[in-house]
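Peer 1: take this sequence and fold it.
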Amino acid sequence: MFDYEKKYKACIYARLSQEDGDKSESDSIVSQKAMIREFVENHPDIEIVSEKVDDGYSGVNFDRPGFQEMMEEIREGKVNCVIVKDLSRFGRNYIEAGNFLEKVFPFLGVRFISINDYLDSTDKHNADSLVVPFKNLINDAYCKDISVKIRTQLEIKRKKGQYTGPEPVYGYEKDPNDHNHLVPDPYAAEVVRNIFLWKLQGMSIGRIVEKLNAEGVLCPMEYKMSKGVWTPTVFRTGLKALWSYNTIKLMLQNEVYLGTMIQGKSATPNHKVKKNFLKDKEDWIRVEGTHEPIIEEFVFREVQAQLKMDTRVAQGKSYVYPFAGYLMCADCGQNLTRKAVASGGKQYVYYRCSTYKAGLGCTIHSIKEHELEEAVLAAVRTRVAAVCDMTRLFGAMGRRRPREIDIRNFDRQVARLQEEMEKKEKYKMQLYESLQEGSISKKDYEIFRKNYEKQIEDTEASIHLVEQQKEEMIKGEVQDFGWMRRFRKYKNITEIDRMVVVELIDHIAVTEDCRIEIHFRYEDEYNEACKMIEEITGEEASVDGTEEQKRIS
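Peer 2: Numbers count the residues shown, from 1 in each chain. This next block holds a predicted model:
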């Protein structure tokens with residue numbers, strides 16, 4: 001028997017991508033290794049010194065851990081021969097694969113063998129054959145075709161409202177019976193509800209973060225890891241990841257908690273470039289009602305309004321004051337600011353116009369805090385009593401309002417809101433024309449444009465809410481909508497707190513002569529209910545409860 005000198009130190013390289021998962025067993029990692037070992041047994045000039053595997057990695061690029069480890073061993077001189085089952089296992093990128101085979105490996109003195117392609121770089125007869133670049137080109141085209149098919153399939157699923165991500169957002173988990181459908185995670189969903197509730201109650205985002213961390217509630221990353229789900233830890237700065245300001249803020253803005261699926265926010269240019277870029281908002285795929293909501297529509301919308309308000313927390317406080325963001329000057333429309341003054345061992349608190357405070361005009365519009373609270377409390381009690389009387393009257397009549405009239409009222413509200421939105425759109429367009437004509441500066445244009453966009457967004461939210469109430473009525477619910485329940489639950493109210501203001505009041509205006517004008521929420525619904533009673537009884541409704549305007553001396 002001949003004693004061949006072992007000359008080539010070989011590395012077995014095997015790769016299997018996710019898109020190859022449905023192929024036959026012949027492409028498995030085990031099968032690739034077995035074929036290569038059998039080949040080496042018949043070539044005594046080759047010795048296997050290393051094995052590298054990339055299982056679940058695409059051949060589109062060469063940024064694979066196993067491949068990079070192999071290249072490191074080549075540079076260190078430990079390996080001078082690479083053996084693969086076929087060229088497609090080596091890579092499917094025509095340009096990069098050709099670069100390795102024609103430039104990098106020859107420069108490093110590496111022998112390359114592809115068994116199924118009958119390719120051996122030491123054989124001059126086939127090393128320069130056109131077959132190699134041609135097969136690389138075919139492999140590249142195959143990868144492109146697979147990429148297009150996968151992208152198309154994902155696009156179809158997303159448009160159907162099916163979840164296509166790896167791990168659901170905190171608060172949800174994949175349905176065991178359908179991995180494209182989300183169901184609430186009982187524990188995490190309760191944490192999400194508490195976060196939204198705390199924000200409604202006036203707690204600042206910073207305070208929410210402190211509360212969760214102090215109570216030892218696991219943040220999304222740690223919670224997933226506790227369930228055995230691996231997550232990247234790039235942003236972890238300590239032994240344990242904690243809740244952060246950005247985590248809470250993004251959570252409070254995420255519509256997934258309403259049962260709405262928003263996907264396709266980012267994409268890659270093509271199958272070769274892995275860097276994601278953010279798509280325009282109008283190109284996102286948004287489908288409503290895809291899964292069970294965790295947060296009520298009202299709660300979510302109110303939190304969005306809270307986030308937009310100037311409700312900064314005073315130094316040393318964890319909650320915003322009850323009227324923060326809801327109190328405004330009746331003349332200039334700006335917020336009233338809170339001022340505390342110490343005198344004679346006592347502290348006096350009052351509100352005054354922020355425009356006046358800044359010395360930009362207007363008058364003081366001053367009002368004492370305790371007198372404001374008393375007036376608002378009296379007005380709320382009156383409105384709550386009126387709504388309770390309405391409920392009793394409807395119950396005593398034991399009937400529903402004719403559905404046709406209800407639908408007509410809802411349609412009128414939607415038409416009015418749409419007309420208002422069209423006006424805002426028109427003003428926005430005229431604003432752009434003014435910019436083009438040079439009538440206004442670009443800076444002023446941006447300020448007014450953002451203002452109109454916010455008004456349009458708020459109007460769209462109102463339209464959505466009215467249409468939702470219309471759907472509730474069509475389903476056959478008694479004329480006792482959520483707005484009535486929100487008022488009735490305060491029938492025993494004894495003081496004004498943040499939740500009362502958020503749930504029942506739209507805004508409060510203070511006039512120059514110290515009158516307060518309370519604008520309650522659901523004013524249209526309230527007036528419609530009054531008309532309804534008038535139509536049914538034939539008498540003018542006596543449940544007006546108009547004590548919204550109080551004179552503060």
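Peer 1: could you check how far the spatially most central residue of the chain is from Glu222?
Peer 2: Against the mean C-alpha coordinate of the chain, by CA atoms, centre = their mean, the closest residue is Asn254 at 3.4 Å. Asn254 is 19 Å from Glu222, where distance means CB to CB, to the nearest Å. To be clear about C-beta, it is placed using only N, CA and C from the backbone, and glycine gets the same treatment.
Peer 1: related to what we said a few turns ago, contact partners for the residue nearest to the centre of the chain?
Peer 2: By CB atoms under 8 Å, 6 or more residues apart in numbering, Asn254 lies in contact with Val169.
Peer 1: now it: phi and psi?
Peer 2: Backbone dihedrals for Asn254, given as degrees, to the nearest 10, come out at phi -80, psi 120.
Peer 1: distance check, it against Ala324.
Peer 2: Applying CB to CB to Asn254 and Ala324 gives a distance of 24 Å.
Peer 1: and Ile83, by the same measure?
Peer 2: Ile83 sits 71 Å away from Ala324, taking CB to CB as the criterion.
Peer 1: which of those two has more neighbours?
Peer 2: The neighbour comparison of Ile83 against Ala324 (other CB atoms under 10 Å) goes to Ile83, with 26 against 22.
Peer 1: hmm, Tyr8 and that one touching each other?
Peer 2: No - counting by CB atoms under 8 Å, Ile83 stays clear of Tyr8, with 9.3 Å between them.
Peer 1: can you list residues touching both of these two?
Peer 2: Shared contacts of Ile83 and Tyr8 (CB under 8 Å, 6+ apart): Ile46.
Peer 1: and Val49, how many neighbours?
Peer 2: Neighbours of Val49 under the rule other CB under 10 Å: 16.
Peer 1: enumerate the positions of the helix or strand harbouring it that are buried.
Peer 2: Using DSSP states H and E, Val49 falls within strand 46-55. Judged by neighbour count (16 or more other CB atoms under 10 Å), strand 46-55 contains these buried residues: 46, 48-54.
Peer 1: which one of these is nearest Val510?
Peer 2: Asp54 (68.5 Å; CB to CB).
Peer 1: quick check: the gap between that closest one and Gly66.
Peer 2: Taking CB to CB, one finds Asp54 at 4 Å from Gly66.
Peer 1: overlap in contacts, these two.
Peer 2: Contacts common to Asp54 and Gly66, judged by CB under 8 Å, 6+ apart, are Arg15.
Peer 1: run through the bridge partners of Ile508.
Peer 2: Taking DSSP bridges as the rule, Ile508 bridges to Leu327, Ile518.
Peer 1: so it sits right up against Leu327, yeah?
Peer 2: Yes - in this structure, Ile508 is within contact of Leu327 by CB under 8 Å, at 5.2 Å.
Peer 1: shared neighbours of those two, which are they?
Peer 2: With CB under 8 Å, 6+ apart as the test, Ile508 and Leu327 both reach Leu372.
Peer 1: what is the rounded mean pLDDT of stretch 220-239?
Peer 2: The average pLDDT within stretch 220-239 is 69.
Peer 1: residues in contact with the residue nearest to Met261 when sequence neighbours are not counted?
Peer 2: What sits nearest to Met261 in space, not counting adjacent residues and going by CB to CB, 6 or more residues apart in numbering, is Thr290, at 4.2 Å. By CB under 8 Å, 6+ apart, the contact list for Thr290 reads 161-163, 181-182, 259-261.
Peer 1: which other helices and strands does the helix or strand where Glu374 lies contact?
Peer 2: Assigned by DSSP H and E, Glu374 falls within helix 369-397. Counting contacts by 3 or more CB pairs under 8 Å, 6 or more residues apart in numbering; DSSP states H and E, helix 369-397 is packed against strand 346-353, helix 482-488, helix 498-504, strand 505-510, strand 515-520, helix 523-537, strand 549-551.
Peer 1: buried ones in that helix?
Peer 2: Here helix 369-397 shows 369, 372, 375-376, 379-384, 386-388, 390-391, 393-394 as buried, counting by 16+ other CB under 10 Å.
Peer 1: which outside residues touch stretch 488-499?
Peer 2: Residues outside stretch 488-499 that contact it (CB under 8 Å, 6+ apart): 200-202, 319-322, 373, 376-377, 380-381, 384-385, 387-388, 391, 500, 504.
Peer 1: ok, which stretches of the stretch 301-450 of the chain are helices?
Peer 2: In the stretch 301-450 of the chain, the helices defined using DSSP state H, counting those that start in this stretch lie at 354-357, 369-397, 403-437, 442-474.
Peer 1: relative to Ser58, which of those helices is closest?
Peer 2: helix 442-474 (40.2 Å).
Peer 1: and the closest one, average pLDDT?
Peer 2: Here the average pLDDT along helix 442-474 is 78.
Peer 1: ok, stretch 483-493 next?
Peer 2: Taken as a whole, stretch 483-493 has an average pLDDT of 87.
Peer 1: remind me which residues of this structure are low pLDDT?
Peer 2: Along the chain, the model assigns pLDDT under 70 to residues 1-6, 18-27, 94, 124-151, 229-239, 267-276, 310-318, 395-408, 472-482, 536-553.
Peer 1: just to revisit the earlier point, the helix holding Glu374 vs strand 346-353, what angle?
Peer 2: 70 degrees (axes from the mean of the first three to the mean of the last three CA atoms, to 10 degrees).
Peer 1: list the buried residues of stretch 254-267.
Peer 2: In stretch 254-267, counting by 16+ other CB under 10 Å, buried: 254, 256-263.
Peer 1: what would the helices and strands packed on helix 369-397 look like in JSON lines with mean neighbour count and distance to Glu72?
Peer 2: Formatted as JSON lines, the helices and strands packed on helix 369-397 follow (neighbours: other CB atoms under 10 Å; distance: least, CB to CB, whole Å):
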{"stretch": "strand 346-353", "mean neighbour count": "16", "distance to Glu72": "68"}
{"stretch": "helix 482-488", "mean neighbour count": "18", "distance to Glu72": "64"}
{"stretch": "helix 498-504", "mean neighbour count": "19", "distance to Glu72": "60"}
{"stretch": "strand 505-510", "mean neighbour count": "20", "distance to Glu72": "65"}
{"stretch": "strand 515-520", "mean neighbour count": "17", "distance to Glu72": "70"}
{"stretch": "helix 523-537", "mean neighbour count": "17", "distance to Glu72": "70"}
{"stretch": "strand 549-551", "mean neighbour count": "14", "distance to Glu72": "79"}
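Peer 1: can I get the ones you listed in TSV with distance to Leu307?
Peer 2: Formatted as TSV, the helices and strands packed on helix 369-397 follow (distance: least, CB to CB, whole Å):
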stretch	distance to Leu307
strand 346-353	22
helix 482-488	21
helix 498-504	13
strand 505-510	17
strand 515-520	21
helix 523-537	24
strand 549-551	30
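Peer 1: of all the ones you listed, which one is nearest Ala241?
Peer 2: Shortest distance between Ala241 and the helices and strands packed on helix 369-397, using CB to CB, is found for helix 498-504: 30.4 Å.
Peer 1: ok now that closest one, how far from the chain's centre?
Peer 2: Distance of helix 498-504 from its chain centroid, counting by CA atoms, centre = their mean, to the nearest Å, is 26 Å.
Peer 1: which residues touch Phe100?
Peer 2: 62, 90-91.
Peer 1: show me where the stretch 151-300 of the chain has strands.
Peer 2: Counting by DSSP state E, counting those that start in this stretch, one finds strands in the stretch 151-300 of the chain at the ranges 172-175, 178-184, 261-263, 266-267, 277-278, 285-287.
Peer 1: deepest of these, which one?
Peer 2: strand 261-263 (a mean of 20; mean count of other CB atoms under 10 Å).
Peer 1: by contact count, what packs against that strand?
Peer 2: Short answer (3+ CB pairs under 8 Å, 6+ apart): strand 261-263 packs on strand 285-287.
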